[in-house]
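**Q** how does the following fold in three dimensions:
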Amino acid sequence: MLNGGVHPVIPSQGSVGASGDLAPLAHLAQVAIGEGHALLKGRAMPGAEAMRAAGIAPLALEAKEGLALLNGTQAMLALLAIALREAELIVDTADVATALSLDALRGSPAAFDARIAKVRPHAGQAITARNIERLNRGSAIRESHRSPEKDPRVQDPYSLRCAPQVHGAVRDALAQIHATIAIELNSATDNPLVFTDSGEVLSGGNFHGQPLAMAADQMAVALATLGGISERRIEQMTNPQTSQLPAFLVREAGLNSGFMILQVTAAALSSEMKALATPHSVGSIPTSANQEDFVSMGMGAARRLEPMLANLRNILAIELLASCQGIDFLAPLRPGPETRKAYEIVRATSKRVDADRSLSPDIEAVAREIGAGAFAKLLRKLPF
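**A** Prediction:
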């Protein structure tokens, strides 16, 4: 069906994530047996018609097969697996954005020294520290303010200095979620289970989505964390009291609002993400005459990840735009060769802001590059 472009139309609401994703999977199974509704290469039609047009014979179900198609965690698992892939691209993008912001704010790379991560050996922290340190090598901006005479500041704000610890915690959370998904993708979640070696039929609870619901909650917290710290770096760059740059990153700020509204937008998106990060896995409501008296709410937990990822792409797009604008004010000093590659991706889609214009298209364009993995790919090619 996937190869033939037959996509069952599945309502996104209606599953509590226990006894399997019954309602969503029923809509999937309907098309597999020649009923329900489907999209055939994007065109809506009855399921039977879509199967016939694709040359696929509907399933003729035998004993227990109908139950097996419904009684599992596949709907919430699919959403969570797709979200994980996007989240992995986004946390890499956040490291790239931080490296650009570090230059724009003339921050110090000392906090990314490998020895700091070595004495607190969380794996994610070490990865982010290494990424940012390698990205910022060769920065003429850094060299211009290395001595205390040129820059009396002792330490950078946490949104820069603690990026390895914050991004790293997100990385570690995603690694744990990855392990949970890998187990679930290779598991039997039907009930009852038939064990052919002994001929036994055992009734259990592998259909219960609690592992996935808790993983989705963990991812939501991780995404909200990345959005929050990115917004703080945007504020640092647009605020002349902290940036040592023109107010709102534009000349003649009295006549131009520059990046002021972009920071407001990032703040709004970040706030929305905090609300969306509210845990679902503790929100059980009994169902089925109290037989199913504790359910996972995993489908709702997984569904809210998509809007969170969209918000985060836009927040990081704003940070990338702001950091490149800040770097432009530091010319002729330039970032290092690896960070310049990220700068060039941004500038290929958004020119420098010299006077007010609508920046919505710029945010959308950079967000598309984030979603396509353009910035994350830069980390794969960094020199050691």
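**Q** what's the burial count for Gln244?
**A** Gln244 has 15 neighbouring residues, counting by other Cβ atoms under 10 Å. To be clear about C-beta, it is placed using only N, CA and C from the backbone, and glycine gets the same treatment.
**Q** surely it is in contact with Arg106?
**A** Yes - using Cβ atoms under 8 Å, Gln244 is in contact with Arg106, at 6.7 Å.
**Q** what's the spacing between the closest residue to Gly42 other than its chain neighbours and Pro11?
**A** Leaving aside its chain neighbours, Gly42 sits nearest to Gly5 (7.9 Å; criterion: Cβ to Cβ, 6 or more residues apart in numbering). Per Cβ to Cβ, to the nearest Å, Gly5 is found 20 Å from Pro11.
**Q** do the same with Pro307
**A** Separation of Pro307 from Pro11 (Cβ to Cβ): 17 Å.
**Q** more neighbours, those two?
**A** Pro307 (13 against 10).
**Q** picking up where we left off before, mind listing what the residue nearest to Gly42 touches?
**A** Contacts for Gly5 (Cβ atoms under 8 Å, 6 or more residues apart in numbering) come out as 40-42, 54.
**Q** wait, which of the residues you listed is closest to Leu359?
**A** For the contacts of Gly5, the closest approach to Leu359 (Cβ to Cβ) belongs to Gly42, at 31.7 Å.
**Q** neighbours of the closest one, just the number please.
**A** So Gly42, with other Cβ under 10 Å, has 7 neighbours.
**Q** cool, and Ala188?
**A** 12.
**Q** that one contacts Asn206, doesn't it?
**A** Yes - between Ala188 and Asn206 a contact is recorded at 6.3 Å, counting by Cβ under 8 Å.
**Q** rewinding a little: which one (most neighbours) among the contacts of Gly5?
**A** Going by other Cβ under 10 Å, Leu40 tops the contacts of Gly5 with 19 neighbours.
**Q** tell me what that one is bridged to.
**A** For Leu40, the beta-bridge partners are Val6, Arg43 (DSSP bridges).
**Q** ok, it touching Arg52?
**A** No - counting by Cβ under 8 Å, Leu40 sits too far from Arg52 to count as a contact (9.7 Å).
**Q** surely Ile345 and Ala374 touch.
**A** Yes - with contact defined as Cβ under 8 Å, Ile345 counts as touching Ala374 (5.4 Å).
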